[in-house]
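Colleague: dropping a prediction and its sequence here:
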Amino acid sequence: MRGSEAPVRIAVLSDIHGNLEALEAVLEDAERAGAAAIYSLGDIVGYGPSPVRCIEIVRSRAAVSLIGNHDAAVAGLEPLEWFNEYARRAVEWTRGRLDAGQIDYLGSLLHIHRGPDLLLAHASPVEPERWHYIHGLADLGEPFALFAERLCFVGHTHRPGIYAVGRRREAERCGSRRQLGKGLRHLVNAGSVGQPRDGDPRAAYALFDEERETVQLRRVPYEVARTQQRMRAAGLPPFLIERLAAGI
Ligand code: ZN
């Protein structure tokens, strides 16, 4: 602790997916929680009805902004045959809404960000342009050989989780609040702001307190029905609209 100085807190957001209502709710919560900076792990667009507003908010406010596979597809950097029918339709719909500057912005984003003993990526940091999923302990393989840093934040699966590896190299899944102790390494999946898939429809993000060395997975309710209404008006696939309410 540094006396009266405010702790340095960072809101780590991933998979916003064009969901403005969820993004605004998360930004309000992050501000109340004292976050001084925003990091975006990618997939700003795809699925949701508000790609333009979400890009503009991230572009103007995020200190770090990485590319996700949907951003890459919208920017024409990723072949669409890798996407299922619903995702593909959403990518095409999104592309038709953006101007050249917004498409260039998505295409200009990097895959990886490295800070002091910190690594950020949308998917696995190994071959990041291939978007490997890290679903849980099994995908971590030899505990945390995927990266060298003490702390790594990812998204992509839309399922939040904190994973730790201790001195004896045993890996474990932790709860939603974690003290990042000495000698331990952590991988944190921030979950998805705009389309959670862990059965909880509330928006998800991670709050990282650099000074206290804590990470917290936070959930924020938002007006799902309003996002769904806008998706319907935009003619987005019904499956994408329905899944928001169930968080799947
Ligand atoms: Zn995503």
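Modeller: Arrived safely.
Colleague: use CA for all of it now, contacts and neighbours both
Modeller: OK.
Colleague: can you list the low-confidence ranges for the protein?
Modeller: Counting by pLDDT under 70, the chain contains low-confidence ranges at 1-7, 141, 143.
Colleague: can you give me the strands for it?
Modeller: Assigned by DSSP state E, the chain shows strands spanning 9-13, 35-40, 64-65, 112-115, 118-121, 151-154, 161-165, 171-174, 177-179, 185-189, 203-209, 214-220.
Colleague: the second one and the ion, any residue contact?
Modeller: No. Applying C-alpha under 5 Å from the ion, one finds strand 35-40 out of contact with the ion, separated by at least 11.9 Å.
Colleague: tally of neighbours for residue 22?
Modeller: Residues lying near residue 22 (other C-alpha atoms under 10 Å) number 24.
Colleague: and residue 56, how far is that from the ion?
Modeller: Separation of residue 56 from the ion (C-alpha to the ion, to the nearest Å): 18 Å.
Colleague: swap in residue 75?
Modeller: As judged by C-alpha to the ion, residue 75 and the ion stand 15 Å apart.
Colleague: hmm, back to that, between the strands of the chain, which one is nearest to residue 227?
Modeller: strand 203-209 (12.2 Å; C-alpha to C-alpha).
Colleague: and the nearest residue to residue 199 once chain neighbours are set aside, what is it in contact with?
Modeller: Setting aside the residues directly before and after it, residue 199 is nearest to residue 247 in space (C-alpha to C-alpha, 6 or more residues apart in numbering), at 4.6 Å. Residue 247 makes contacts with 195, 196, 197, 198, 199, 200, 201, 202, as judged by C-alpha atoms under 8 Å, 6 or more residues apart in numbering.
Colleague: can you tell me the closest non-neighbouring residue to the first one?
Modeller: Put plainly, it is residue 195. Among residues not flanking residue 195 along the chain, residue 244 sits closest, at 6.1 Å (C-alpha to C-alpha, 6+ apart).
Colleague: I figured that neighbour was touching residue 193, is that so?
Modeller: No. Assessed by C-alpha atoms under 8 Å, residue 244 is found out of contact with residue 193, at 11.1 Å.
Colleague: and the angle for the longest helix belonging to the chain with strand 214-220?
Modeller: Scanning the chain for the helix with the most residues, using DSSP state H, yields helix 20-32. Calculated by axes from the mean of the first three to the mean of the last three C-alpha atoms, to 10 degrees, helix 20-32 forms an angle of 140 degrees with strand 214-220.
Colleague: what's next to helix 20-32, contact-wise?
Modeller: Taking C-alpha under 8 Å, 6+ apart as the rule, helix 20-32 contacts 11, 16, 49-51, 53-54, 193-194, 203-205, 207, 220-224, 226-227.
Colleague: which of the residues you listed are close to the ion?
Modeller: Okay, of the contacts of helix 20-32, nothing touches the ion (C-alpha under 5 Å from the ion).
Colleague: filter these down to the buried ones, ChimeraX style.
Modeller: To isolate the buried subset of the contacts of helix 20-32 in ChimeraX, counting by 16 or more other C-alpha atoms under 10 Å, use the following:
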select :11,16,49,50,51,53,54,193,194,203,204,205,207,220,222,224,227
